[in-house]
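> okay, here's the prediction I keep looking at, along with the sequence it came from:
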Amino acid sequence: MSLISNIKQVFTKKESSHKLGISLRQNSLAYCFVPQENSSSLTAKCQQLTTSNDKYVEDLTDFSSHHSVQGQCQLVLSAEQYQMIQVEKPDVPESEIAGALKWQIKDLVPYSPDDMVLDYFYAPVQQGVAEKLYVICTPLNALKPIVSTLMNEDISLTAITVEEFAFANLLPFSDDAQLMLCQQPDEEVFITIVKQGRLCFHRRLRGFAQLGSKSEEELSFGAIDSLSLEIQKSTDYFERQLKQSMIRSIQVILPIATESYIISKLAENTNIKVNPLALPEEFVSSRDMAAAIGATMVDKAVVENKEMNDDQ
């Protein structure tokens, strides 16, 4: 899923074989650089820089000027930069859906249809219920300066995506439904459910942004139980209301010191296996930059998806 297709005609840039993921966050940006396989002189690396929402363009200019990275870039928007909502699929031909959605959601999001970039994907099918779409949209006037800044250097912006998809890229392809409990530093926790490489469900959890500031003792006073309840609500909705297959595992990526403690306590509260989300070997110490890492893995996710489908 990428929002770039709707503004790609405005910018052009030469291609590179290196991979670059940039994740915009509430108080920082993170980048992950993965060199092409035959590049012996370059190594994969991750780094984060302090910034703020109103200084993204300025800080991205400094980033591209002072960091010797280049390549095909996937940009991950922060949660504050986009809206994701579910609506009924408009009764128009496939080629006209995007245009129709702008007017269908205009009263549901704080963006004008004339200043809106959007993309969509299909929600799981429910028998006897009108077909639903998840719509992701962002304001064009805020996106253009960011795109222009990135294209000024040796960076080819190939896709603009959102956190839910960046994290989903980190999961190996599986026929089983997997629930992910995710967080970017200093941001709200969110839940996604991924099956066969497809994002099937997402939900933002309010009130957990400061989870990392709590001690194990403080977490035991209700936060763990609240997280367990939110996971159970999401699981019940997916399995019972959407009538989808059972959740087989829970993968956790919380970039905080108490992550292992939370995982162990969640495992006690559920009958589902709970694991820390495994990152590529070269990035095991960069869990706080997981979205940027996932942005570099979109091609891997597509290949795994195709290989699994070919085997069926």
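Thanks, I have the structure now.

> now do the same contact list for the residue nearest to S245 when sequence neighbours are not counted.
Computed as CB to CB, 6 or more residues apart in numbering, the closest residue to S245 that is not its neighbour in sequence is A177, at 5.2 Å. C-beta coordinates here come from the backbone N, C-alpha and C atoms, glycine included. With contact set as CB atoms under 8 Å, 6 or more residues apart in numbering, A177 has these partners: I193, V194, K195, C200, F238, Q244, S245, M246, I247, R248.

> next, the contact list for the last one, please.
So the one you mean is R248. Shown in contact with R248 (CB under 8 Å, 6+ apart): S174, D176, A177, Q178, I272, K273.

> among these, which are located in strands?
Using DSSP state E, the members of the contacts of R248 that fall in strands are A177, Q178, K273.

> show me what the second one bridges to in the sheet.
The one in question is Q178. Beta bridges link Q178 to V194, S249, judged by DSSP bridges.

> count of residues packed around it?
Each residue near Q178 was counted by other CB atoms under 10 Å, and the total is 21.

> go ahead and confirm it touches I193.
Yes: Q178 is in contact with I193 according to CB atoms under 8 Å; the separation is 7.1 Å.

> what do those two both touch?
When contacts are counted by CB under 8 Å, 6+ apart, Q178 and I193 have I247 as shared neighbours.

> neighbours around D114, how many?
So D114, with other CB under 10 Å, has 9 neighbours.

> should've said P172
Other residues lying near P172 total 12 when counted by other CB under 10 Å.

> could you do the one 4 residues further on as well?
Using other CB under 10 Å, D176 has 12 neighbouring residues.

> surely it is in contact with K195?
Yes: contact status for D176 versus K195: in contact at 7.0 Å, counting by CB under 8 Å.

> low-confidence ranges, the protein, go.
By pLDDT under 70, the weakly predicted segments of the chain are 1-16, 38-41, 53-54, 64-68, 152-154, 299-312.

> helices of that one, residue ranges please.
Counting by DSSP state H, residue ranges of the helices within the chain are 56-66, 97-104, 140-150, 163-168, 216-218, 224-236, 259-269, 290-295, 298-311.

> domains of this structure?
Using automatic domain parsing, the domain ranges for the chain come out as 4-79+141-164, 81-139, 171-278.

> quick one: end-to-end distance for the second one.
In terms of CA to CA, to the nearest Å, the two terminal residues of domain 81-139 are separated by 8 Å.

> done for today, thanks.
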